[in-house]
Structure formats: structure tokens, C-alpha cells
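1. Got a predicted structure plus its sequence, pasted below:
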Amino acid sequence: MVSKLMLVFVATDVVFAMCGGLLVGFSLIAETNMRATPTTDNAAQRLLLNQCPLTAGVVNAALVFITFVFSVPAFFLPSNRGWLRMHGWLVVFCATFTLGLGLAVWVETLTTRKNLGAMWAEEVPLVQSLLQQKFNCCGYFNSTSPQFIQDNVCTDKLVAAQKGGCIGKFSSFANGYLDLIFTAAFGIVGVDVVLILCVAMVLKFRQEQERYRHIDEKNGLGAL
């Protein structure tokens with residue numbers, strides 16, 4: 001009969017694998033969005049996703065799936081601890097990897113205004129105009145720094161001056177968007193930590209079972 005501890009371990013391991021699916025799904029969808037034609041709805045996201053370690057996210061997901069595969073023998077070999085130890089160390093590596101990705105995105109939020117200004121300056125007028133339309137603003141710092149792009153939102157200099165620059169609205173949007181990404185990464189690390197604790201408890205349980213088995217063998221009860 002499967003113990004409750006093993007059921008918790010397997011359930012947590014499945015959630016761990018699902019987190020790998022979340023990582024690869026987000027990375028691939030983000031890559032697709034970045035290659036899509038820029039529109040008012042996706043222009044800001046495309047700029048922000050370009051700063052995220054998406055390729056590293058796919059690699060991380062692949063490591064998660066490999067780690068999950070190592071847990072299968074650990075489950076079907078109830079007296080074996082070697083596969084379980086290997087699985088545990090791989091989970092530690094995955095957790096460290098994911099934590100690094102989350103911290104990389106978090107660091108981006110510390111210099112949002114500076115980075116967005118450079119990104120804005122590098123974009124073509126079409127994308128700048130789309131951002132102006134999305135955030136209902138003109139120019140980045142203000143309508144003249146840099147010069148606003150004339151469109152249906154910023155129709156002339158007077159209207160552009162009244163609307164103000166995009167720095168505030170764009171920065172708030174970027175911080176909120178990136179916050180979701182690195183918070184999700186830290187949440188996955190939390191799942192990893194729970195799985196590591198489960199692995200440690202299963203290892204301890206199997207170690208005790210092996211010790212009791214040796215005691216029974218010494219007492220001549222090995223055949224019972």
C-alpha cells in the first residue's frame with residue numbers, strides 16, 4: 001500500500017512538472033508574440049519580453065522535465081535511495097536556475113525608467129506611435145524630449161504638450177507586467193522547495209525502513 005508521504009511526494013512532483021510546462025509555454029508564447037506584427041495591444045509587451053531571458057526559460061523547462069523523469073524510478077523502486085538522491089539534487093539545481101531567472105527580471109524593474117528610455121529611443125516611429133496611442137501620451141519624457149510622433153492621439157504640438165510624456169504610464173505598466181513574471185518565477189521556486197522537503201522526508205523514511213530491516217535480519221526475522 002502506498003503511504004501518504006509517497007502520495008504527497010508524487011502530487012508535488014506532478015505540480016513540479018506542470019511548472020516546467022508553464023515555463024516552456026510562457027517562453028514559446030512570448031517568442032511568438034515578439035515575432036508578431038506590432039499593434040497597440042502588443043507593442044509594450046513586445047518591448048518588455050525582449051528583456052526577459054526566454055531562451056533560458058526553455059532550457060530551465062527542459063531541465064525540469066528531465067528531473068521529473070529521474071523521479072519515476074525513485075517511485076517504482078521503494079527501497080532505492082540513489083535515484084531519489086539524484087532527483088533531489090536536480091530539483092535543487094532547477095530551483096537555483098529558476099531563482100536566477102526571477103532575480104534577473106526583478107533587477108530589470110529596479111532600472112525600469114532608464115531602460116525604457118533607451119528602448120524607446122531605439123524603436124522605429126511606428127512602434128513609438130503605437131505606444132503613444134496605448135498610453136494616451138506624447139513623447140517619452142515629454143512632447144519634445146524626444147520629439148513626439150504625430151498620430152491620431154498627438155495631432156499637433158499643443159495637444160502633445162497637454163497630454164505629457166509616456167514615462168509615467170509606461171513605467172507603471174512595465175513594473176506591473178514584470179512583477180507578474182518574476183513573482184511567478186519565485187512561486188515556482190516555492191514549489192521546488194516543497195518538493196525538496198518531500199524528497200528529504202522520503203529519503204529519511206527509506207533510511208529508517210532499511211535500518212529496521214537490518215535489525216530484523218540480525219534478530220533472525222528476515223524471512224517474516
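-> Thanks, I have the structure now. Numbering: from 1, shown residues only.
2. does the residue nearest the centre of the chain count as helix, strand or coil?
-> With distances taken as Cα atoms, centre = their mean, Ala185 lies nearest the centre of the chain, 3.5 Å away. Classification of Ala185 using DSSP: H, G, I helix; E, B strand; the rest coil returns helix.
3. Spatially, what comes nearest to it if we skip its sequence neighbours?
-> Computed as Cβ to Cβ, 6 or more residues apart in numbering, the closest residue to Ala185 that is not its neighbour in sequence is Gly102, at 3.2 Å. For every residue, glycine as well, the C-beta is placed using N, CA and C.
4. and if you look at Asn33?
-> Once flanking residues are discounted, Asn33 sits nearest to Asn42: 5.9 Å by Cβ to Cβ, 6+ apart.
5. re the thing from before, the residue nearest to the centre of the chain reaches Ala104, doesn't it?
-> No. Counting by Cβ atoms under 8 Å, Ala185 does not reach Ala104; the two are 9.0 Å apart.
6. who touches both of those two?
-> Counting by Cβ atoms under 8 Å, 6 or more residues apart in numbering, Ala185 and Ala104 have no shared contacts at all.
7. where are the low-confidence patches of this structure?
-> 1-2, 210, 212-224 (pLDDT under 70).
8. Now Leu63. Nearest residue, chain neighbours left out?
-> Spatial nearest neighbour of Leu63, chain neighbours left out: Cys94 (5.4 Å); criterion: Cβ to Cβ, 6+ apart.
9. right, and the helix or strand after the strand or helix carrying the one you found?
-> Assessed by DSSP states H and E, Cys94 sits inside helix 82-110. Downstream of helix 82-110, the first helix or strand assigned by DSSP H and E is helix 112-122.
10. Let me know the angle separating that following helix from helix 82-110.
-> 80 degrees (axes from the mean of the first three to the mean of the last three Cα atoms, to 10 degrees).
11. and helix 112-122, how far from the chain's centre?
-> Remark: helix 112-122 is offset 23 Å from the chain centroid, using Cα atoms, centre = their mean, to the nearest Å.
12. Can you show me the strands along this protein?
-> Per DSSP state E, the chain carries no strands over any range.
13. Is the residue nearest to Asn33 in contact with Ala30, as I believe?
-> No. Assessed by Cβ under 8 Å, Asn42 is found out of contact with Ala30, at 10.7 Å.
14. May I see the buried residues of stretch 63-79?
-> Within stretch 63-79, the residues that qualify as buried are Leu63, Val64, Thr67, Phe68, Phe70, Ser71, Ala74, Phe75, counting by 16 or more other Cβ atoms under 10 Å.
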